[in-house]
Structures are given as structure tokens and as C-alpha cells.
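**Student:** Next one to model:
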Amino acid sequence: MCRVGCKTTHSLTATLCLFQVIGGMVDLEHMQDDYERLVTNLLEWIHTKVTVLNDRNFTNSLTGIKRDMTKFTDYRLQEKPPK
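**Tutor:** Model prediction:
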């Protein structure tokens, strides 16, 4: 009877370990998918912002400069990630 109980306990332990490993692998796959999505979004954002910020055609009027300054301030305070 002890041998049957020991085998059952060992089998149960091995099954639980297997479920933990599989669960960990599923979690890693989800984390990898999230990482790839975040990196893709970041690269798109960088490409867009570099294009916008490389536009060096500044207006030569006070209202145009104020508008550009407001756009830059919005970028700096709302879009730019903190260090």
C-alpha cells in the first residue's frame, strides 16, 4: 500500500510541476507578444516624431512662432516619455 501511495504522490507532483512549466511558458509568450507590440508602437512613434521635428520650415510671424511653441510644449509635456 505504501508503494501505491508513493507512486501516486510522485505522479501528482510531476503533473503539478509540468503544469507550472507550461503555465510559465504561456506567460512568457504573452509577455513576448506584449513586448513586440510595445516596440512596434514605439518605433512608429519615433518615426512620426522624427519626421515632424525635422521639419525646419519655421514661420516668420509672431503668431506662427507662438503656435509652434505651443505645439512643442504640448509634445514635451504630454507625448515625450519621462527620463
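
**Student:** rest of the way, CA atoms for contacts and neighbours
**Tutor:** OK.

**Student:** following the lowest-mean-pLDDT helix or strand in the chain, which helix or strand shows up next?
**Tutor:** Across the helices and strands of the chain, mean confidence by mean pLDDT, DSSP states H and E is lowest for helix 2-53: a mean of 84. Next helix or strand after helix 2-53 toward the C-terminus (DSSP states H and E): helix 62-74.

**Student:** can you state the direction angle for that next one and helix 2-53?
**Tutor:** Between helix 62-74 and helix 2-53, the angle formed by their directions is 170 degrees, by axes from the mean of the first three to the mean of the last three CA atoms, to 10 degrees.

**Student:** Centre-most residue in this structure?
**Tutor:** Against the mean C-alpha coordinate of the chain, by CA atoms, centre = their mean, the closest residue is L38 at 3.2 Å.

**Student:** returning to that earlier point: counting by contacts, list what the least confident helix or strand of the chain packs against.
**Tutor:** The criterion is 3 or more CA pairs under 8 Å, 6 or more residues apart in numbering; DSSP states H and E, and there are no helices or strands that helix 2-53 contacts.

**Student:** gap between that helix and the chain center?
**Tutor:** Relative to its chain's centre, helix 2-53 lies at 14 Å (CA atoms, centre = their mean, to the nearest Å).

**Student:** Likewise for stretch 71-83?
**Tutor:** With CA atoms, centre = their mean, you get 19 Å for stretch 71-83.

**Student:** can you give me the mean pLDDT across that stretch?
**Tutor:** Mean pLDDT, computed over stretch 71-83, is 81.

**Student:** send the alpha carbons of it over as CSV?
**Tutor:** Backbone C-alpha positions of stretch 71-83 (Å, rounded to 0.1, in the frame of the first residue of the first chain) are rendered in CSV as follows:
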residue,chain,number,x,y,z
LYS,A,71,2.9,72.5,-30.2
PHE,A,72,6.4,71.9,-28.9
THR,A,73,5.3,72.5,-25.3
ASP,A,74,2.4,70.0,-25.8
TYR,A,75,4.9,67.5,-27.2
ARG,A,76,7.3,68.0,-24.3
LEU,A,77,4.7,67.7,-21.6
GLN,A,78,2.2,65.2,-23.0
GLU,A,79,3.9,62.9,-25.6
LYS,A,80,7.6,62.8,-24.6
PRO,A,81,8.2,60.0,-22.2
PRO,A,82,9.9,60.9,-18.9
LYS,A,83,13.5,60.1,-18.3
